[in-house]
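>>> Here's a sequence, model it:
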Amino acid sequence: MSAQPACRRIVVGITGASGSAYGIRLLEMLRLVPGVEKHLIISRSARQTLQLETSVSLEEAEALADVVHSSTDIGAAISSGSFRVHAMVVAPCSIKTMSNLAWGNTGELIARAADVALKERRRVVLMLRETPLHAGHIESMLRVTQAGAIVFPPVPAFYNRPQSVADIVDHSVMRCLDLIDVECEAAPRWRETSRRLLAARSATHSTGITA
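Numbers count the residues shown, from 1 in each chain. Coordinates of the predicted model:
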């Protein structure tokens, strides 16, 4: 009987949709969680979006991960179901990536890795970034949901009275981590006080989004 992996492997895909800060902050939060091995895929389009939206360089983003995979490397370890991972999050997730996953078009690694995770009955969360939606988008959302993925548009919460864009990002990313059973208290919860909220808010945000 094979031994279990020594740590939880979590795959993070960053696509070219607006919202690169979500993927970067997700990686930052995962660094605070012991026993997590972070695998990162940054799509070709995401490299441009990252430059436009944040002050984080590609090298700095990749340094937040333990393993970096090329988006064109279909032979990467995470493209096989025999390589066990705990979960995968696509943050942000473009309509193109979600549609590729919905219709089985797995010609690049983000969609391939997510498809593999779904067939192995692993948790996949898509932080979808698009509005408004037409019928084709909604049909793709239905198909990926039926396949087992969780479509999680990062809709801001305001009951916690966010003081900055960074606060809004933190809350959405924390809620995303909840969905893959990873605890990281980074924002107030409804009628709860986060034990590590003050420490998290005072920590440096690499996203370059503070206002």
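>>> For the rest of this, base every contact and every neighbour count on C-alpha atoms.
Fine.
>>> Show me what counts as buried in the longest helix seen in the chain.
Ranked by residue count under DSSP state H, the longest helix found in the chain is helix 165-179. Going by neighbour count (16 or more other Cα atoms under 10 Å), the buried part of helix 165-179 is 166-177, 179.
>>> ok, the strand or helix carrying Leu40: who's next to it in the sheet?
Taking DSSP states H and E as the criterion, Leu40 maps to strand 36-42. Strand 36-42 pairs in its sheet with strand 8-14 (parallel), strand 67-69 (parallel), by DSSP bridges.
>>> quick one: that strand to chain centroid distance?
10 Å (Cα atoms, centre = their mean, to the nearest Å).
>>> Stretch 96-113 too?
Mean C-alpha position of stretch 96-113 versus that of the full chain (Cα atoms, centre = their mean) differs by 15 Å.
>>> Check stretch 104-119 too.
Taking mean C-alpha positions (Cα atoms, centre = their mean), stretch 104-119 and its chain are 15 Å apart.
>>> May I see the buried residues of that stretch?
Neighbour counts over stretch 104-119 (16+ other Cα under 10 Å) mark 106, 108-118 as buried.
>>> repeat for stretch 66-77
For stretch 66-77, by 16+ other Cα under 10 Å, it's 68-71, 73-74, 76.
>>> List the contacts of Leu109.
Contact analysis of Leu109 by Cα atoms under 8 Å, 6 or more residues apart in numbering lists 41, 70-74, 76, 79.
>>> per-residue confidence for it?
Listed pLDDT for Leu109 reads 97.
>>> Ok, the one 5 residues further on next?
The pLDDT attached to Ala114 in the predicted structure is 98.
>>> And it, how close does it get to Ile42?
Distance, Ala114 to Ile42, using Cα to Cα, to the nearest Å: 14 Å.
>>> Was I right to think Ser57 contacts Leu50?
Yes: contact criterion Cα atoms under 8 Å: Ser57 and Leu50 qualify, at 7.5 Å.
>>> Which one's more surrounded, the two?
Leu50 (26 against 14; other Cα atoms under 10 Å).
>>> Give me the spatial nearest neighbour of that one, chain neighbours excluded.
Distances taken as Cα to Cα, 6 or more residues apart in numbering put Ser20 closest to Leu50, at 5.6 Å, once the chain neighbours are dropped.
>>> Neighbours of the one you found, how many?
Count around Ser20 with other Cα under 10 Å applied: 25.
>>> Quick one: low-confidence residue ranges for the protein.
1-6, 192-211 (pLDDT under 70).
>>> So which residues of this structure form helices?
So, for the chain - with DSSP H - the helices run 20-31, 44-53, 58-63, 95-102, 109-119, 135-147, 165-179, 197-202.
>>> do you know which of those helices lies nearest Tyr159?
Tyr159 lies closest, by Cα to Cα, to one member of these: helix 165-179, at 10.9 Å.
>>> Show me what that closest one is packed against.
For helix 165-179, the packing partners by 3 or more Cα pairs under 8 Å, 6 or more residues apart in numbering; DSSP states H and E come out as helix 20-31.
>>> contacts for the helix it packs on?
Residues outside helix 20-31 that contact it (Cα under 8 Å, 6+ apart) are 12-14, 36, 38, 46, 49-50, 53-54, 61, 64-65, 90-92, 169-170, 173, 184, 205-207, 209.
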